[in-house]
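J.: Turn this into a model:
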Amino acid sequence: MTAPPLAPDLDTRFAAARRVADAVLFEGYVLYPYRASAAKNRLRWQFGVLVPPTWGADCGEHAFQRTECLMEPRTGAVLQVELRFLRARRRTVQRGGRLGPFETVDTLELADRVLTPWDEGIEERVQFSVPVAELSSAGRELTFERPASVETETVRDEAGQPVGRLLRRCEELRGVVRLTATDVPGPYAVQRLTAVVENTTDWTPDGAAADREAALPRSLVSAHLMLGLSAGSFLSMADPPEWARGAAAGCENLRTWPVLAGQDGRSDVVLSSPIILEDHPAIAPESPGALYDALEIDEILALRTSALTDQEKREARGTDDRAAAVIDLADSMPPEVLERLHGAVRALREITDPAPEGEPADPFGAGQPFGAGQLETPWWDPESDRGFDPATDRIAIDGRSIGAGSRVLLRPGRRRTDAQDLFLHGRHAVVEAVLHDVDGGVHLAVTVEGDPGADIRREQGRFLYFQPDEVAPAEDG
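T.: Next up is the predicted model:
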């Protein structure tokens, strides 16, 4: 099928979701310490990898992903589709070429970087639009392909003399996107949209050499979909309306999960991601740039990266252009930006003044002082805290007065999800403080008897916390 042209407003409609989609696309692309020689970077790309069907059948990985979600299209609605994935481009390093033949090497040292073999990720997009009415009959199918290619780049030293070259090879890649829509019984005009993305690359594995490394250049890596309705809306799969819960539960999503994306408060864009997200996911506004290692905290990554040795930074710069950008970001990050990464509390205040037109909202007032009408007064009255003292407050449990110094028996309830509670049930503890939260709840800070680190915990103010119905007064308390 030849894809119809995209609607003119596709980029505008998807722009708000694209930053999150970029984070999905490059999740785990290159991990700290950002050099190819690190063990962490020798097994890459764990999310959304669609392998060739002839290889995936025997390795436990899969050639397709399936998205199902609910939508309420209006008459004449057009479904806009954007499939995004990375294509692994294998880079080989060779020395020589000035006077003799090229020789493949593991490293090529330059003044500012160390070049090594590496799989570069090339972003690919498959975009098309289709009238929703056409999906209700036979559905639509779009095939796509990317031909094999080889590129050569000359490597020069600081004097401009050629010292080697980089060979970049892409393997042939083929795939298909299948779309169908079926009516959902009920009082509303709801349809179940099914979108299947499949790798159809014809590749015959070559014996023992056909491992995952051989399959990756023929795979769709970090594959995910963005779906948009020109008229109408999608229903949340995480929190559907009551009348649609049965239909939502009947949707089958394999190796991907659809969430509402785009502008907050709207429901005309869905991001179907191999990583489970919440509706309307967003990048933290404090984040200064992509660090490609979402399992870590930005502040920790920035500090660790800036502390790398000069040799380690040279290796990172030679590994990948994106790794080099991370090194430059960490080296040039001003103190005020690093301070923003130290932490933020979003629940206590909210914005009262909108951002100027054309500028993104910044709920933390980066670089600006509090006040001036920017932030609301805290939603609780700080003066009300004056009536409480954790060191002297007491509460009644089973007719006994419990406060700091009281001995209690721990019996955590089923609603708690901390696995350590299995080991604490039935243990005795000493109450260190009685705490009251702003919602009227009471929490007991305790140290467990027999804990060799109890004194350190007291000095640092690090306790375990239980609610009154999760403890009982000790008989000798």
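
J.: May I ask you to name the longest helix in this structure?
T.: The longest helix of the chain (DSSP state H) is helix 10-25.

J.: hmm, who's touching that helix?
T.: The contact list for helix 10-25 (C-beta atoms under 8 Å, 6 or more residues apart in numbering) reads 7, 47-48, 80, 82, 84-86, 123, 127, 129, 222, 224, 226, 228, 261-263, 268-269, 271, 273-275, 277, 281-283, 290, 294. To be clear about C-beta, it is placed using only N, CA and C from the backbone, and glycine gets the same treatment.

J.: Please indicate which of those are buried?
T.: 47-48, 80, 82, 84-86, 127, 129, 222, 224, 226, 228, 261-262, 268-269, 271, 273-275, 277, 281, 290, 294 (16 or more other C-beta atoms under 10 Å).

J.: any idea how far the longest helix of the chain is from the chain center?
T.: Relative to its chain's centre, helix 10-25 lies at 13 Å (C-alpha atoms, centre = their mean, to the nearest Å).

J.: go on, stretch 187-195?
T.: On C-alpha atoms, centre = their mean, the centre of stretch 187-195 falls 28 Å from that of its chain.

J.: likewise stretch 309-320?
T.: Distance, centroid of stretch 309-320 to centroid of chain: 25 Å (C-alpha atoms, centre = their mean).

J.: quick one: average confidence on that stretch?
T.: Confidence over stretch 309-320 (mean pLDDT, whole number) is 94.

J.: CA atoms only for it - export them in PDB, please.
T.: Only the C-alpha atoms of stretch 309-320 are listed here, as PDB (Å, rounded to 0.1, in the frame of the first residue of the first chain):
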ATOM      1  CA  THR A 309      39.300  10.900  34.100                       C
ATOM      2  CA  ASP A 310      40.500  12.700  30.900                       C
ATOM      3  CA  GLN A 311      41.200   9.300  29.400                       C
ATOM      4  CA  GLU A 312      37.700   8.000  30.200                       C
ATOM      5  CA  LYS A 313      36.200  11.100  28.600                       C
ATOM      6  CA  ARG A 314      38.300  10.600  25.500                       C
ATOM      7  CA  GLU A 315      37.000   7.100  25.200                       C
ATOM      8  CA  ALA A 316      33.400   8.300  25.700                       C
ATOM      9  CA  ARG A 317      33.800  11.000  23.100                       C
ATOM     10  CA  GLY A 318      35.000   8.300  20.600                       C
ATOM     11  CA  THR A 319      32.200   5.900  21.400                       C
ATOM     12  CA  ASP A 320      29.300   7.900  20.100                       C
END
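
J.: So for it, what gets flagged as buried?
T.: For stretch 309-320, the neighbour count (16+ other C-beta under 10 Å) marks E312, K313, R314, E315, A316, R317, G318, T319, D320 as buried.

J.: now do stretch 322-340
T.: Buried residues in stretch 322-340, defined by neighbour count with 16+ other C-beta under 10 Å: R322, A323, A324, A325, V326, I327, L329, A330, M333, V337, L338, R340.

J.: Using the three-state scheme, assign the fifth one.
T.: Looking back up the chat, that one is V326. helix (DSSP: H, G, I helix; E, B strand; the rest coil).

J.: Check what pLDDT it gets.
T.: pLDDT recorded at V326 is 92.

J.: show me what contacts it?
T.: V326 is in contact with V30, Y34, G289, A290, L291, Y292, T305, A316, counting by C-beta under 8 Å, 6+ apart.

J.: And for the fourth one?
T.: With contacts taken as C-beta under 8 Å, 6+ apart, A325 has the following neighbours: G289, A290.

J.: can you pull the buried residues of the helix or strand E459 falls within?
T.: Using DSSP states H and E, E459 falls within helix 454-460. Within helix 454-460, the residues scored as buried using 16+ other C-beta under 10 Å are A454, R457.

J.: picking up where we left off before, now the contacts of V326 in CSV, please, with extra columns for secondary structure and distance to Q94.
T.: Converted to CSV, these look like this (DSSP: H, G, I helix; E, B strand; the rest coil; distance: C-beta to C-beta, whole Å):
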residue, secondary structure, distance to Q94
V30, coil, 22
Y34, coil, 23
G289, coil, 32
A290, coil, 30
L291, coil, 31
Y292, coil, 27
T305, helix, 29
A316, helix, 21
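
J.: Of those, which qualify as buried by neighbour count?
T.: Burial by neighbour count, 16+ other C-beta under 10 Å: within the contacts of V326 this picks out V30, Y34, A290, L291, Y292, T305, A316.

J.: May I ask which two of those are separated the most?
T.: For those, the farthest-apart pair by C-beta to C-beta is A290 and A316; their separation is 14.4 Å.

J.: hang on, the earlier thing: return the list of helices and strands in contact with the following helix or strand past the helix holding E459.
T.: Under the assignment DSSP H and E, the closest C-terminal helix or strand after helix 454-460 is strand 464-466. Contact analysis of strand 464-466 by 3 or more C-beta pairs under 8 Å, 6 or more residues apart in numbering; DSSP states H and E lists strand 442-448 as its packing neighbours.

J.: how big is the angle separating the helix or strand that contains V126 from helix 10-25?
T.: Assigned by DSSP H and E, V126 belongs to strand 118-131. If you take axes from the mean of the first three to the mean of the last three C-alpha atoms, to 10 degrees, strand 118-131 sits at 140 degrees to helix 10-25.

J.: in the helix or strand just after strand 118-131, what's buried?
T.: Helices and strands here follow DSSP H and E; after strand 118-131, the next one along the chain is helix 132-135. With burial defined by 16+ other C-beta under 10 Å, the residues of helix 132-135 counted as buried are V132, L135.

J.: after helix 132-135 comes which helix or strand?
T.: Counting by DSSP H and E, the element after helix 132-135 in chain order, helix or strand, is strand 140-146.

J.: Provide the strand pairings for that next one, with the direction of each partner.
T.: strand 173-183 (antiparallel) (DSSP bridges).

J.: pLDDT below threshold where in the stretch 251-400 of the chain?
T.: 294-295, 346-386 (pLDDT under 70).

J.: that older thread, does anything pack onto the strand holding V126? Which helices or strands?
T.: Strand 118-131 packs on helix 10-25, strand 78-95, strand 140-146, strand 173-183, going by 3+ C-beta pairs under 8 Å, 6+ apart.

J.: how about a markdown table for the ones you listed, with mean pLDDT and distance to F64 added?
T.: Formatted as a markdown table, those follow (pLDDT from 0 to 100; distance: least, C-beta to C-beta, whole Å):
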| stretch | mean pLDDT | distance to F64 |
| --- | --- | --- |
| helix 10-25 | 83 | 18 |
| strand 78-95 | 95 | 12 |
| strand 140-146 | 95 | 13 |
| strand 173-183 | 96 | 9 |
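
J.: Most tightly packed of those?
T.: strand 78-95 (a mean of 21; mean count of other C-beta atoms under 10 Å).

J.: going on from that one, what's the next piece of helix or strand?
T.: Next along from strand 78-95, by DSSP H and E: strand 103-104.
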